[in-house]
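K.L.:
Dropping the sequence and predicted coords here.
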Amino acid sequence: MGAGLTRARDVLPLHASSKAKAERLAKAEGTTLNQVINVAVAEKIAALRTADLFRERTRRPDVSGALALLHGLGGDEAPRAGDELEG
């Protein structure tokens, strides 16, 4: 078995329609139903962790740091065509 994999066979009840769609996806991708489920779970975990990260970052904003970063970008270079500010 690969790193991080367990030998346990857990039962994962799926609605029949979800299972059928996942099986079609697995077949189209040339992989297994198990792999489709593993990837889907990993992607969901990553999305939730990303949302948590952004929520945490909004609790401790660094406005002066962000402004310093923005002021340091581009230097004296004129805006490119289409990037100009109106007004």
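P.N.:
Structure's in. What do you need?
K.L.:
OK, contacts around the residue nearest the centre of the chain?
P.N.:
When Cα atoms, centre = their mean is applied to the chain, the residue found nearest the centroid is A47 (4.5 Å). Listed by Cβ atoms under 8 Å, 6 or more residues apart in numbering, A47 has no contact partners. (Glycine included, C-beta is placed from N, CA and C.)
K.L.:
Check the gap between it and A22 for me.
P.N.:
18 Å (Cβ to Cβ, to the nearest Å).
K.L.:
picking up where we left off before, mind listing what's buried in whichever strand or helix holds the residue nearest to the centre of the chain?
P.N.:
According to DSSP states H and E, A47 maps onto helix 33-59. Burial within helix 33-59, assessed by neighbour count using 16 or more other Cβ atoms under 10 Å, is assigned to 33, 36-37.
K.L.:
where does the protein have its least confident helix or strand?
P.N.:
helix 63-72 (a mean of 87; mean pLDDT, DSSP states H and E).
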